[in-house]
Each structure stands twice: as C-alpha cells, then as structure tokens.
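Visitor: following is a predicted model, sequence given first.
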Amino acid sequence: MPVSATSVAGLPAFVVEGDGPVRVALAFRVGTSDERLVEAGVTHLVEHLAMHALGRRAHDSNAFVDALRTVFYASGTLAEVTAFLEGVCTALRTLPLDRLELERRVLLTEAARRGGSAHDELLAYRFGPRTYGVRAYAEHGLRRRLQADDVAAWSAGRFTAGNGALWSTVPLDGLELDLPPGPRLDCVEPHATDQLPARFGARAALGLDVVAPRSVALSTAWRVLQNRVHDALRREHGVVYDVAVDSERVGRDSRRLVLLTDPLPELRYRAGRLLTGTLEQLAQEGVTDEEVRTETGLTLRAWDEPGADLAAADAAALDALLGLPFKQLERHRDEQAALATALVAVQDEVVTVLPLRPVARWSATWEPGRAFWPDPRVAQTSVAAARRRLVVGEGGVTLAVSEREPLTVPYRFCEAVLAWEDGSRRLLGADGFSVSVLPWEWHDGADAVALVDRAAPAELVIPMGPGEGPPPELARPVPAPPPPRQRWAPWALLPLWALVSLALTTFAFTPVDVSGHSDLGSYIAYGCDRVSALEVLRDGPGPLVSELPPPGDRQLADACRNEARVDVGFAVGGAMSLVTAVVMTGRSLLRMLRNRRARARSR
C-alpha cells in the first residue's frame, strides 16, 4: 500500500493502511546527536520518565532514542493506541520529576550492562565525543546530577508540536494531542575528526564505516560489497564466521553504513588483507551489471514483503522531522561512489593501494605549563613509563609519551572532564583524544590534579564516584630515603691548596737580602748550577766554595738569589695549581655524567 501524507493535531502525519492490529508511532526530532557530552542521557531520561507515567498497559508499547529522534510507538486497538498517544503527550508536559533519581539509577544500571563495541569504536574515531559520536560514550549527563528544572526545560523545548511527526496504519482524524507549541529543531550535519578516507589500527573486529548521500544506488552497492566480503572471508578462505552490516541516518539526507567482522586474533592480518583487497577491487572495477540486476531484484522483492510499507511510513515521518518534502520511493538505478568517505578498521601491518591515510594518533601541539615527571616507582616499571611527561597549564593538558608523541586536550576544545573521588581525572577532547591524570603515577601528582581542577571549566566537570584508586604497589607511601653517608670529599681541601699555592707564589716574588751568604751569592753570580745552590742551602758551604773567586757585585748576587726563589715558587705553586685543576675538572666531568644518566632514566 502507498503512503499518504496528512496532518493530525497540527503534526505532519503519514498513513499506510494495512491489516492486523493498529500501529502508531509518535516521533520528535531530538536525539543523542543534539546532546553535549556533559548532558548525555537527558533525552533518554525524559523518555523513561514519560513511559513510567503511562503505567503498565495491556497492549504492546515502548519507546527508544537514537541519534536523530525519540520515538514512542504502540500497537493494539484503535482506542488503545489513541489513548497511548494522548497519554504520551500529557506525560511529556507533566513529567513525574519526583522519580528523577530512581530513573537515573535505572539508566546507570542499564548502561553498566552495556560494554564497548567495535561499532562504538568506529563512531568515536569518526565523530569524536560530539554530535553523532556522543552515543559511543557513557551517558555522563546522568552523573552530573541534572536537576528537575534542567530535565523539565529540555522536555518543554524539544517535545513540541512543531518538532513532532507521526505515522499510523489507520487514519486518526479528530485526534487531539496536548503538546506545547515550538519550532522544529534542525539537525547537525555529519562531520569527521580526521581527513578521510583513513584507516586506524583495529583492536579486535575489522570494519568499514562510510557516510554518503542516501540513495537506492548506495544501498545496492553496499549489499554488493557485503556479499563480496562474505564470499572472500567466509566462503573462500574461512577466516571469519559472519559479516554484519548496519545502516542509520545522519544529517538531513545522508546515511552511515557500517560493515563489521570479528576474526580470531591469529587470523586478523589475513582477514584485513582480504577486506582491503575486496575494497580495492570494488574501487577499481565498480559493480558489475549482473550484481546490479541481482540486487535490484532483491530490493524490489523486499519492498513487496510485509512490513515494507511500515518502514516507508517511518522514513517519511523522519523526513518530515528533518524538513524534507514527502515523496514516494523512487525505484531507479544510479552510479555510486561512497568509498571517498571510508573509515577502515584493519591492522596497521596491512598494506593496501587504497588512498587510506592513517588517522592521527597524536596531537599536533603541546600545551605550555608545569611539567610533571613519573613517580620513581612507575618509572622503574619500563623505559616507556620513565620517558612519559605530563604538562598541565592554564589552557589545557598534554600527556607526552615522547617528544614527538603528545596527546593534548585544550580546555577550549574539551567536551567533558571526568572527576573521581580518588583524585584521578580524565579529559575528553572534541577530536577524540583523551588524557588521564592519575595522581599516583606522577611526582607531585596532587599538584597536577589541583591545577586541572583550577583551570578546567566547571560546567564540564562530571563527578564519577569513588574510583578504583591506585594499585597496591603505588598505594603505599614512598619510603623516606636513608640519611646520606658522610664521605670524605677530597675537594674540601681545595681552598687550603689554593692558599698554599698563593703563599708560595708570594714567597717567590719577595726579594731577599743575601749579604749574609756571600759564598752562595758569589756562587750563583758566577753562573753555577741552581740545583747546586739549593744543595748549598740544604747542606751548607762545602770546600768548593772556599776555592771560588772573591765575590762580585752584590746586586748581581741578590738578583740571582731572587731568581732562584722565583723558580722554586713557580715550580711548587704550578704543581699544586695543576693538581687543583685536575681535581676540579674530574669533579665536573663526574657531575655531568651523573646528570646525563639521571635524564636518561627520567625519559
């Protein structure tokens, strides 16, 4: 049956008549992509509060929140679904805010049961913790203790008549819905944190993530790719069990398509090579005519299956929420090229001719600030741990694995600061990078946390509870160092050596009267060896002196005597100065070597 467009209670409505129970869905253009990370979960909280207000019902009913919308749906008799729609609108206007804490606890319990997935990893790499990537992270807004007024204001501004649409399997003429007036909320267009196409090192599952304008051609090509990958990895080589695909709307007229497979660890490289090889073949050769005919036939057959009209009505309601005109499904064929926006998750070792640049693994900038070095107990665990450095400044935080490998989260691009009671902090940047500050891992780590708390915007801080605390080996206080041993320091005598050297030099330049030693003066005056003169000073005049000629000029004797004293003083003082220089140089070299070793250990 074709979908017909109409209006119910001022809302755009779409009807696709069919047999069986009456089905209805009331949708509002608000989802996780409209939330900031610090308020993530508030739409989910509104949905839970509204569904609780409806109470237990005898027919099927439920609700969900996705990236673009919040949908309340039910099936049953016409009276039952009509009462359901009226009850939803009444509940949204008068939320049971007295249950705020209880529903918050329920949602936190639900979130604790969900683990991270490869799908979330692709979301985080493509979008980061913003817009369509918010749901890849925990609902941190539930931990910020959103007040009743905050939740009520969120509901009143987004669950309005101008921001809603509905579809049903029967006409709902005369239905009145009590919704407040309000404008339609525009959606955000998809963005990327990195230049695409790109690749990143897969931790477990291998995958492909593509965002492209939606069309029948895109869906056809995507099914062809799924079949080729399944044939190569499962049927021909047996390296995986299954190839899963997913699809969702992002932006006004785009789709995000995801392909995932999870091989065994020892087969990941081979599976990654087969995956990229299949992408290379599709990019170079395109889709064959036979594949197009096969997939087009399957699509036409799927449109004729039960439930296809309901999906068409749901898509029409979403188009109305996004401000797109209503149109019937067009069954046409067109050439597609979606690989220009590909994000591929394969092992880093996989080589491919596809133009896939690695996603950025490190930040391009450092934040200036105070530097912190690893705690000695952490630095002893590995060379890599000893080389790390943490820089905390007024503008942000940088965690450097090495000089060329920084992770930086500036506060101006920070989406949230997770704060635990044990003192640890984690900053989530808009580009997908995050920095954790664990005080027990750093020398003066408490000062680093205090700097973060002082500089981080208060509206971004999310309390996370007690925290896990430091590991046992770091929980014990650092033992006090033993008192230094008193060692004999030879350079402590350097001042004494310098004084002795100065005294000898002064002694050498002091003139001496040698009138009382005419024999020595005469001996020197006549050009005798000065060593013999020293022997005369030591042993006294010998028989040779008596045979010398009579003394010559007294001034010449004094000059010779003083020259001898100068030579003796210079010889002894120079030797002591040489010893002093050698000791000082050796001490400087030893200190320089110790400093170099200390710097090497701290890196």
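Guide: Great, that's in hand.
Visitor: contacts, neighbours, all on C-alpha from now
Guide: Will do.
Visitor: what's near enough to touch G429?
Guide: Counting by Cα atoms under 8 Å, 6 or more residues apart in numbering, G429 makes contact with 128-129, 409-410, 413-416.
Visitor: same question but for R426, I mixed them up
Guide: 417-419, 434-437.
Visitor: please redo it, this time with the cut-off set to 10 Å
Guide: Residues near R426 by Cα atoms under 10 Å, 6 or more residues apart in numbering: 409, 416-420, 434-438, 452, 461-462.
Visitor: again with L257
Guide: Counting by Cα under 10 Å, 6+ apart, L257 touches 208-212, 214, 218-219, 222, 245-249, 338, 342.
Visitor: got a quick ChimeraX command for the buried subset of the residues you listed?
Guide: In ChimeraX, this line selects whichever of those come out buried by 16 or more other Cα atoms under 10 Å:
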select :208,209,210,211,212,214,218,219,222,245,249,338,342
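Visitor: what's the local residue count around P265?
Guide: Per other Cα atoms under 10 Å, the neighbour tally for P265 reads 11.
Visitor: one more: the one 5 residues further on?
Guide: Other residues near R270 come to 15 when the count uses other Cα under 10 Å.
Visitor: helix or strand for it, which one?
Guide: In this structure, R270 sits in helix 268-285 according to DSSP states H and E.
Visitor: what's downstream of that helix, the next helix or strand?
Guide: Counting by DSSP H and E, the next helix or strand C-terminal to helix 268-285 is helix 289-303.
Visitor: CA atoms only for that next one - export them in CSV, please.
Guide: Below are the C-alpha coordinates for helix 289-303, written out as CSV (Å, rounded to 0.1, in the frame of the first residue of the first chain):
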residue,chain,number,x,y,z
ASP,A,289,25.8,-5.4,-14.4
GLU,A,290,24.9,-8.8,-13.1
GLU,A,291,25.3,-7.7,-9.5
VAL,A,292,23.1,-4.7,-10.1
ARG,A,293,20.4,-6.8,-11.6
THR,A,294,20.5,-9.3,-8.8
GLU,A,295,20.5,-6.7,-6.0
THR,A,296,17.8,-4.6,-7.7
GLY,A,297,15.6,-7.7,-8.0
LEU,A,298,16.1,-8.5,-4.3
THR,A,299,15.2,-4.8,-3.4
LEU,A,300,12.1,-4.8,-5.4
ARG,A,301,11.1,-8.1,-3.8
ALA,A,302,11.8,-6.7,-0.3
TRP,A,303,9.5,-3.7,-1.0
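Visitor: who does that helix touch, helix- and strand-wise?
Guide: Where contact means 3 or more Cα pairs under 10 Å, 6 or more residues apart in numbering; DSSP states H and E, helix 289-303 is packed against helix 216-230, helix 308-321.
Visitor: which of those has the lowest average pLDDT?
Guide: Among these, helix 216-230 carries the lowest mean pLDDT, at a mean of 83.
Visitor: ranges for the strands of the stretch 51-200 of the chain?
Guide: 60-65, 70-76, 164-168, 198-201 (DSSP state E, counting those that start in this stretch).
Visitor: can you tell which of the ones you listed is closest to A312?
Guide: Smallest distance to A312 across the strands of the stretch 51-200 of the chain (Cα to Cα): 10.0 Å, for strand 164-168.
Visitor: centre of the chain versus that closest one, how much separation?
Guide: Mean-position distance between strand 164-168 and its chain equals 40 Å (Cα atoms, centre = their mean, to the nearest Å).
Visitor: what about it, average pLDDT?
Guide: Rounded mean pLDDT across strand 164-168 is 94.
Visitor: returning to what we had before: rebuild the contacts of R426 as CSV, extending it with neighbour count.
Guide: Below are those laid out as CSV (neighbours: other Cα atoms under 10 Å):
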residue, neighbour count
V409, 28
A416, 27
V417, 29
L418, 21
A419, 22
W420, 17
S434, 21
V435, 20
S436, 16
V437, 23
L438, 18
V452, 23
V461, 21
I462, 23
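Visitor: would you turn these into CSV with secondary structure?
Guide: Shown next, in CSV, are the contacts of R426 (DSSP: H, G, I helix; E, B strand; the rest coil):
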residue, secondary structure
V409, strand
A416, strand
V417, strand
L418, strand
A419, strand
W420, coil
S434, strand
V435, strand
S436, strand
V437, strand
L438, coil
V452, helix
V461, strand
I462, strand
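Visitor: closest to A312 out of the residues you listed?
Guide: Distances from A312 to the contacts of R426, taken by Cα to Cα, are shortest for A416, at 38.3 Å.
Visitor: in the sheet, who's paired with that closest one?
Guide: L428 (DSSP bridges).
Visitor: need the contact list for it.
Guide: 36-39, 129, 140-141, 426-430, 434, 456-462.
Visitor: same question for L260.
Guide: Each residue near L260 by Cα under 10 Å, 6+ apart is listed here: 118-119, 122, 205-209, 226, 242-246, 344-345.
Visitor: show me the residues you listed that map onto helices.
Guide: 118-119, 122, 226 (DSSP state H).
Visitor: could you single out the nearest of the residues you listed to R69?
Guide: Taking Cα to Cα as the measure, H119 is the one of the ones in helices among the contacts of L260 closest to R69, at 19.5 Å.
Visitor: so which strand or helix has the residue nearest to A5 when sequence neighbours are not counted?
Guide: Leaving aside its sequence neighbours, A5 sits nearest to F14 (Cα to Cα, 6 or more residues apart in numbering; 4.6 Å). Under the criterion of DSSP H and E, F14 resides in strand 11-15.
Visitor: same for the very next helix or strand once past that strand, what does it pack against?
Guide: Per DSSP H and E, strand 11-15 leads on to strand 22-28 as the next helix or strand towards the C-terminus. In terms of contacts (3+ Cα pairs under 10 Å, 6+ apart), strand 22-28 is packed against strand 11-15, strand 60-65, strand 70-76, helix 78-93, strand 164-168, helix 308-321.
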